[in-house]
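Asks: Sequence and predicted model, in that order:
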Amino acid sequence: MCSLLHSTPRITSSSLLTSTWFQTQHIPPTHVTFLTMAIQNGSLSKLQSSFNGIFAIYKKQGPTSADVLNTLKKALLKEAGVANPNPRKRNKQPLKIGHGGTLDSNASGVLVVGIGEGTKMLTTMLAGSKKYRAVGELGKATDTLDVTGNVVEEKSYDHITKEAFEEKLKQFTGEIMQVPPLYSALKKDGKRMSVLLKQGQEVEAKPARPVTVYSLSLQDFSPPYFTIDVECGGGFYVRSLVDDLAKALSSCAHIKELTRTKQGQFTLEEHALKEDRWTLKDISQALQPCPNPSGQQKNAKKAKSKHKPTPSKSKGDDGDTND
């Protein structure tokens, strides 16, 4: 039996089943039932299968979103005393987990995670609104549209004033058309465009598609650097925005830093759990549970059969070069 709090002494099943213990550990009442059931069954793997909902974690710069999920999964399985299964085997995984919108390796911020039946809620998170803070650099364009790429163009930016920059932002607010980056998770013939490019193959840009920008504001203007805040809908690429914005100002630019500050109801300051809080206790407190997992699954299947997702909601998002 694995304890749910590292500082808590070893506890017996009978002591765990008392309401007093749950109160002292500040476990939300909504989660007491499935915690108790799992403990009664004597298997912490069943505890994990009872985790049904979504929560947010903080993704730092460097690892891909897939790497972050693997780290999270290993940490939870280790705490639960469950051996990490071989992902290549078709055995049922003790912990079903996924994320609701990729952040590329160079980006940081809010990564919404679904666990158990909560993974079925992630499509809604992917299509929903998100907020970002981007730091860009004028005068240099890269092939990836961010700092990880090779410089492919240099242009003057001395003519750009703060007033001209702010005025141009209005052009990119509301319903606009946007061409996704070549380096993205979008696919051609079943393969990611970013992978094909790295293999030296030629890839044509995808056609422009409709996206939504709810708000766009300039936070700092210190040429060649600038900082913008953007709130957008699903399928939006901040890298493309920065590239298009600079072109509209007769220059070029790329992103140096990108942070997702909010996704849906989850904010960076209030909800995103840092790695030292990727524990069963902290996640049980942060978890937004599924109100009715089985009912939600039926409704999701009905909705899927009636409506095909639009490209902006089903493919690509906010600079997702990597998983």
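Replies: Cool, the structure landed. Residues are numbered from 1 along each chain as shown.
Asks: tell me the mean pLDDT over stretch 101-117?
Replies: For stretch 101-117, mean pLDDT is 92.
Asks: Below-threshold pLDDT in the stretch 1-150 of the chain: ranges please.
Replies: 1-50, 83-94 (pLDDT under 70).
Asks: how does it look with 50?
Replies: 1-22, 32-34, 36-43 (pLDDT under 50).
Asks: From the contact counts, what lies against the lengthiest strand in the chain?
Replies: Ranked by number of residues, the top strand in the chain under DSSP state E is strand 209-222. Using 3 or more CB pairs under 8 Å, 6 or more residues apart in numbering; DSSP states H and E as the contact test, the elements touching strand 209-222 are helix 162-169, strand 174-178, strand 225-232, helix 311-314. For the C-beta atoms, the positions are set from N, CA and C on the backbone; glycine is no exception.
Asks: pLDDT averaged over the last one, what's the number?
Replies: In other words, helix 311-314. Computed over helix 311-314, the average pLDDT equals 36.
Asks: again with the first one
Replies: Per-residue pLDDT over helix 162-169 has a mean of 98.
Asks: Do you have the strands of the stretch 201-323 of the chain handy? List them.
Replies: Taking DSSP state E, counting those that start in this stretch, the strands of the stretch 201-323 of the chain run over residues 209-222, 225-232, 253-263, 266-267, 288-289.
Asks: Of all those strands, which one is nearest Gly118?
Replies: strand 288-289 (7.8 Å; CB to CB).
Asks: Sheet-wise, list the partners of the closest one with their directions.
Replies: If you go by DSSP bridges, strand 288-289 pairs up with strand 53-59 (antiparallel).
Asks: rewinding a little: output the helices and strands packed on strand 209-222 in JSON lines, with distance to Ser284 and mean neighbour count appended to each entry.
Replies: Formatted as JSON lines, the helices and strands packed on strand 209-222 follow (distance: least, CB to CB, whole Å; neighbours: other CB atoms under 10 Å):
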{"stretch": "helix 162-169", "distance to Ser284": "42", "mean neighbour count": "14"}
{"stretch": "strand 174-178", "distance to Ser284": "39", "mean neighbour count": "14"}
{"stretch": "strand 225-232", "distance to Ser284": "30", "mean neighbour count": "20"}
{"stretch": "helix 311-314", "distance to Ser284": "30", "mean neighbour count": "17"}
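Asks: Would you map the helices across this structure?
Replies: Along the chain, counting by DSSP state H, helices occupy 13-16, 19-24, 29-40, 44-49, 65-80, 122-127, 162-169, 193-198, 238-248, 280-286, 293-306, 311-314.
Asks: Now do the longest one: which elements does it pack against?
Replies: Of the remaining helices and strands, those touching helix 65-80 by 3+ CB pairs under 8 Å, 6+ apart are helix 44-49, strand 53-59, strand 97-99, strand 107-115, helix 280-286.
Asks: can you tell me which of the ones you listed comes nearest to Lys131?
Replies: strand 107-115 (8.6 Å).
Asks: Just put the helices and strands packed on strand 209-222 in a markdown table and tack on distance to Asn106.
Replies: As requested, the helices and strands packed on strand 209-222 are exported to a markdown table (distance: least, CB to CB, whole Å):
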| stretch | distance to Asn106 |
| --- | --- |
| helix 162-169 | 23 |
| strand 174-178 | 20 |
| strand 225-232 | 16 |
| helix 311-314 | 23 |
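Asks: so which of these comes closest to Gly62?
Replies: strand 225-232 (21.2 Å).
Asks: What pairs with that closest one, parallel or antiparallel?
Replies: strand 130-138 (antiparallel), strand 209-222 (antiparallel).
Asks: which stretch among the helices and strands packed on helix 65-80 comes nearest Val135?
Replies: Among those, strand 107-115 sits nearest to Val135 (CB to CB), with 11.3 Å.
Asks: who does the closest one touch, helix- and strand-wise?
Replies: Short answer (3+ CB pairs under 8 Å, 6+ apart): strand 107-115 packs on strand 53-59, helix 65-80, strand 97-99, helix 122-127, strand 253-263, strand 266-267.
Asks: Same question for that strand: list its buried residues.
Replies: 107-115 (16 or more other CB atoms under 10 Å).
Asks: Pick out whichever of the residues you listed sits closest to Ser240.
Replies: Of all the buried residues of strand 107-115, Ala107 has the smallest distance to Ser240: 14.1 Å, by CB to CB.
Asks: Tell me, how many residues neighbour the nearest residue to the closest one once chain neighbours are set aside?
Replies: Spatially, and ignoring its direct neighbours in sequence, Ala107 is nearest to Leu258 (4.2 Å; CB to CB, 6 or more residues apart in numbering). Neighbour count for Leu258, taken as other CB atoms under 10 Å: 24.
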